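1. Please find the sequence and the predicted model below.
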Amino acid sequence: MKYILTGFLCLFLTQTQGQEKEVFATNDGAIRGYDPVAYFDQSKPLKGNKSYHYKWKGAIWYFTNEGNLNKFKSDPEAYAPQFGGYCAYAVAKGSTATTDPEAWTIVDGKLYLNYSKAVQKKWRANQDELIAKGHKNWPGVLK
């Protein structure tokens, strides 16, 4: 029952109503203010510093240091989460949902975020198929 409710929440909870933005962001910025480069270089989520920020695709991205900021600026597509930072599981199922920066996975050099660690567990169980479905659905789920 817990997984049914979690899946339901992931599929139907969205950050905004109407037209979704290309990048999921809160008042804290993209990835809720976490540094996208840190997932790759430090193998963990780290909250960014407001002194190191960059606007890309309509969202503000924060970084822990100037080096990470410069890496992102030189190749944002290499570090930005797939599906605009929306829940990878939800996108695979044809919807969007918010994400938890602590629920993350890197697959084939790409960062994927999930709604929660419970949803992440479901997503990881079948991630290759769900990644393929997500790419077919993206960006069409932004309605």
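-> Great, that's in hand. Numbers count the residues shown, from 1 in each chain.
2. so where do the helices sit in this structure?
-> Applying DSSP state H to the chain gives helices spanning 2-12, 36-41, 66-74, 76-79, 88-92, 117-125, 127-137.
3. Tell me which of the ones you listed is the most buried.
-> For the helices of the chain, the largest average neighbour count (mean count of other CB atoms under 10 Å) is found in helix 88-92, namely a mean of 29. Placement of C-beta: from N, CA and C, glycine included.
4. for the helices of the chain, which one sits closest to W104?
-> With CB to CB as the criterion, W104 lies closest to helix 36-41 of the helices of the chain, at 6.0 Å.
5. How about P36, nearest residue that isn't a chain neighbour?
-> Using CB to CB, 6 or more residues apart in numbering and skipping the chain neighbours, the partner closest in space to P36 is Y79 (4.4 Å).
6. Please report the distance of that neighbour from A88.
-> Relative to A88, Y79 is positioned 16 Å away (CB to CB, to the nearest Å).
7. just to revisit the earlier point, contacts only, for the residue nearest to P36.
-> Y79 makes contacts with P36, V37, Y39, F40, K71, F72, L111, as judged by CB atoms under 8 Å, 6 or more residues apart in numbering.
8. quick one: which two of those residues are the most distant?
-> Among those, the pair separated by the greatest distance (CB to CB) is K71 and L111, at 13.3 Å.
9. Let me have the contacts of Y79 in TSV, extended by distance to F63.
-> Formatted as TSV, those follow (distance: CB to CB, whole Å):
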residue	distance to F63
P36	8
V37	6
Y39	12
F40	12
K71	8
F72	7
L111	14
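10. got the helices of the chain as TSV, with mean pLDDT and distance to T98 columns?
-> Shown next, in TSV, are the helices of the chain (pLDDT from 0 to 100; distance: least, CB to CB, whole Å):
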stretch	mean pLDDT	distance to T98
helix 2-12	49	9
helix 36-41	98	16
helix 66-74	98	22
helix 76-79	98	20
helix 88-92	98	9
helix 117-125	98	11
helix 127-137	98	16
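11. how about a markdown table for those helices, with distance to V23 added?
-> Shown next, in a markdown table, are the helices of the chain (distance: least, CB to CB, whole Å):
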| stretch | distance to V23 |
| --- | --- |
| helix 2-12 | 18 |
| helix 36-41 | 11 |
| helix 66-74 | 13 |
| helix 76-79 | 10 |
| helix 88-92 | 13 |
| helix 117-125 | 19 |
| helix 127-137 | 15 |
